[in-house]
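Chemist: Give me coordinates for this.
(chains A, B, C and D)
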2 protein chains.
Amino acid sequence: MKKSAQATINDVARLAGVSKKTVSRVINRSPLLNEETRERVEKVIAEIGYVPNPQARALALRRNFLIGLIHDNPNPHMVLNVQHGLLEVLRDTEFELIVHPVDRGSPTMLDDIRRFLERQRPYGVMLLPPISENDSLADLCSEIGTRYVRMGSAPFDEAGHMVASNDREAVRGAVGHLVEMGHRRIGLVLGPHGFRSAFERSQGYEAAMEDADIPLQRTLIAQGDYTFESGMRAAERLLDLSPRPTAVFCSNDAMAAGVLHTARQRGLDVPRDLSIVGFDDTTIASYLWPPLTTVRWPIATMARAAALKLIGDGEDEESAESLFVSTLIRRASVAQATD
Amino acid sequence: MKKSAQATINDVARLAGVSKKTVSRVINRSPLLNEETRERVEKVIAEIGYVPNPQARALALRRNFLIGLIHDNPNPHMVLNVQHGLLEVLRDTEFELIVHPVDRGSPTMLDDIRRFLERQRPYGVMLLPPISENDSLADLCSEIGTRYVRMGSAPFDEAGHMVASNDREAVRGAVGHLVEMGHRRIGLVLGPHGFRSAFERSQGYEAAMEDADIPLQRTLIAQGDYTFESGMRAAERLLDLSPRPTAVFCSNDAMAAGVLHTARQRGLDVPRDLSIVGFDDTTIASYLWPPLTTVRWPIATMARAAALKLIGDGEDEESAESLFVSTLIRRASVAQATD
DNA sequence: TTGTACGCGTTATCAA
DNA sequence: TTGATAACGCGTACAA
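Modeler: Numbers count the residues shown, from 1 in each chain, chains lettered A, B, ... in the order given. Predicted coordinates:
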């Protein structure tokens, strides 16, 4: 009777002259339904603008219509792109996105996530690297019965649970490009220990060097941790070498920016004296001077695919694309080797 | 009886030998409760690790324990900082963050948001600029009864509903710094029409020029839209001027990066030939060469304050800080004027 | 093909 | 200060 309140399933049932259950069947597209009654009910639904109450549904179904994004502080560019991709799919559905960052390193992380899953009962969750690489986390989701999709730099779960890039091949191609440009003393700035992406990218570097029959030199490999500052430090070590490397592959753009920064501080001209390649194609890559040659991976596309796997009915989504290709974006930070 | 299932309020009631309602009172810290019973109930709760089911609570209370972040595509740096700030406060509470981007420009935006609020019934929402400047949106929240806090570049709502920076004063100081360094032909790259922040920042520029008794020249003011590309275009116009401006204030960092880019393409040395000041202090500001002098505003701090206003019981939170100060970060993109 | 009766886990009403 | 009972709005056995 209250005009202000939302219409409920009871209102629909009363107005359509059927039972709640029948309305419920219409909403949930039950196959056994008289076409005539269905139309009548749908007409009423449209007329009074009825929408099912998510809270009540969640209570009855023991499952919320929320998609969780569980991550641990990777780079902002990546997190936001994932959110965009996810939301693009979710926009026209009844699902909403709930963001739940966690603290890798905290010994209670798994317990925290368990509590989150058991309390909120999200319909599904997307796991971002690096914690997506944690198998116990995936097991936890299975145990609780929450759908999940892991994002990673290589496939490490079934297609239905995975959206992966192929970082190894991507880097192999990127470093191969450096070789084609005549470089042979090519430095590598590693990502942090324990990150699968860092490992895959270093393997790509090694593969490219082997392709070109260039023996690996440990001195040309510098440790980094994906931060700008670590890129600067790595560059300081690398640029002290004699002979200097003529090119450097950096495992992400932030470190590449750091290397560029240090090179410039030392009065080196990029790319004439030093070619630089990054990874991620964040916005800074094109803002820098010179614009950075880098590897672009389709984050938003992968997130969209993940969302489809998460909310899909498990038919063709399971078999849908789960490995995505990256592309080398050639800009101005790479030049022909001169010596 | 099922060991696997979550304990419910009934289990607690049975074990403690009280009624459901009493347990409910304990949970909700009702004041009229025998201290003895309270302790007994709390003991049971701790023993069996009971946690209230959010879905059931939401249904009964007609209100979810979710904080919504409603925004329209401002820059990633800002969105993520807001999320961080919000989540920092929410982390130790029962609240979760639900992210809901909308499409400013879409004629159905208000209806979309209304549906979101009526369906999800978030406990409160945070509104980010530029849509936070939309008064009908705030009215909508009031009408529906959803708590809200608006973020903005100047206060335009009551303290309880507002976290604001003071962009005008911040820019006045930044441009004042340029004047102190001897600049008088100072260009301005505007933000997009209709953005309060763009307006406030331009007002700050004008105030600083007036402070220095420098007459405003329209040719020194170029339109931009907060993108890198618009910064490049603005710079092309500004650098064609004769005499050239010796400094430029850009209404955000992305445009400052664009100006820097164009200056470099023309062989100008920054800061020797041109000083540049940005706004936001995004990460790119420090990655650029030269590192960018820019205005930093405390986004995460403001988001934390907003979260407290949102979930607080309306006591001192209302009166808590709602205006935040920005600071000029001096880096290397500004030099003494030479002519 | 449709309806009845009840459960989901919590809070609110109102009497005790 | 406490408790029985009824919402909250939807889904599901099971019967019709």
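Chemist: On the three-state scheme, A:Asp213 is what?
Modeler: Classification of A:Asp213 by DSSP: H, G, I helix; E, B strand; the rest coil places it in coil.
Chemist: Check the gap between it and DNA strand C for me.
Modeler: 65 Å (C-beta to the nearest atom of the strand, to the nearest Å). Where you see a C-beta, it was placed from the backbone N, CA and C, and this is true even at glycine.
Chemist: which residues in the stretch 101-250 of chain A form strands?
Modeler: A:124-127, A:147-152, A:162-165, A:186-189, A:221-222, A:247-250 (DSSP state E, counting those that start in this stretch).
Chemist: Now render these as CSV, adding mean neighbour count.
Modeler: Supplementary listing: those in CSV, determined by neighbours: other C-beta atoms under 10 Å in any protein chain shown:
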stretch, mean neighbour count
strand A:124-127, 25
strand A:147-152, 24
strand A:162-165, 26
strand A:186-189, 27
strand A:221-222, 20
strand A:247-250, 30
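Chemist: Next, work out how far apart the closest residue to DNA strand D within the stretch 1-150 of chain A and A:Thr37 are.
Modeler: Residue nearest to DNA strand D within the stretch 1-150 of chain A: A:Ile9 (3.0 Å; C-beta to the nearest atom of the strand). Separation of A:Ile9 from A:Thr37 (C-beta to C-beta, to the nearest Å) stands at 15 Å.
Chemist: With neighbour numbers in mind, choose between the two.
Modeler: A:Ile9 (20 against 16; other C-beta atoms under 10 Å in any protein chain shown).
Chemist: Mind pulling the model confidence for the residue in the stretch 201-339 of chain A that DNA strand D sits nearest to?
Modeler: Closest residue of the stretch 201-339 of chain A to DNA strand D, C-beta to the nearest atom of the strand: A:Asp313 (14.1 Å). Note for A:Asp313: predicted pLDDT of 71.
Chemist: what's the answer for A:Ile221, then?
Modeler: 98.
Chemist: and the residue of the stretch 201-339 of chain A closest to DNA strand D, what does it touch?
Modeler: Contact analysis of A:Asp313 by C-beta atoms under 8 Å, 6 or more residues apart in numbering or on different chains lists nothing.
Chemist: In terms of helices and strands, where is it?
Modeler: Using DSSP states H and E, A:Asp313 falls within no helix or strand.
Chemist: Tell me if stretch A:51-60 is near DNA strand C.
Modeler: Yes: contact between stretch A:51-60 and DNA strand C, assessed by C-beta under 7 Å from any atom of the strand, occurs at A:Ala56, A:Leu59, A:Ala60.
Chemist: Could you export the helix or strand harbouring the second one as PDB, CA atoms only?
Modeler: What that stands for is A:Leu59. Using DSSP H and E, A:Leu59 sits within helix A:54-61. The C-alpha coordinates for helix A:54-61 follow below in PDB (Å, rounded to 0.1, in the frame of the first residue of the first chain):
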ATOM      1  CA  PRO A  54      19.200  -8.400  -3.500                       C
ATOM      2  CA  GLN A  55      19.400  -8.700   0.300                       C
ATOM      3  CA  ALA A  56      16.500 -11.100   0.500                       C
ATOM      4  CA  ARG A  57      17.900 -13.100  -2.400                       C
ATOM      5  CA  ALA A  58      21.200 -13.300  -0.800                       C
ATOM      6  CA  LEU A  59      19.800 -14.600   2.400                       C
ATOM      7  CA  ALA A  60      17.700 -17.200   0.700                       C
ATOM      8  CA  LEU A  61      20.300 -18.300  -1.800                       C
END
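Chemist: can you list the residues that contact that helix?
Modeler: Residues contacting helix A:54-61 (C-beta under 8 Å, 6+ apart): A:64-65, A:94, A:121, B:53, B:55-56, B:58-59, B:62, B:64, B:119-121.
Chemist: For ChimeraX, what selects the buried ones among these?
Modeler: Here is the ChimeraX command that selects the buried residues among those (16 or more other C-beta atoms under 10 Å in any protein chain shown):
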select /A:64,65,121 /B:53,55,58,59,64,119,120,121
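Chemist: Reformat the contacts of helix A:54-61 as TSV; add pLDDT.
Modeler: Output for the contacts of helix A:54-61, formatted as TSV (pLDDT from 0 to 100):
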residue	pLDDT
A:Asn64	92
A:Phe65	92
A:Glu94	89
A:Arg121	92
B:Asn53	92
B:Gln55	93
B:Ala56	92
B:Ala58	92
B:Leu59	90
B:Arg62	88
B:Asn64	92
B:Arg119	90
B:Gln120	92
B:Arg121	92
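Chemist: Could you list which of the contacts of helix A:54-61 also contact DNA strand D?
Modeler: Applying C-beta under 7 Å from any atom of the strand to the contacts of helix A:54-61, those adjacent to DNA strand D are B:Ala56, B:Leu59, B:Arg62.
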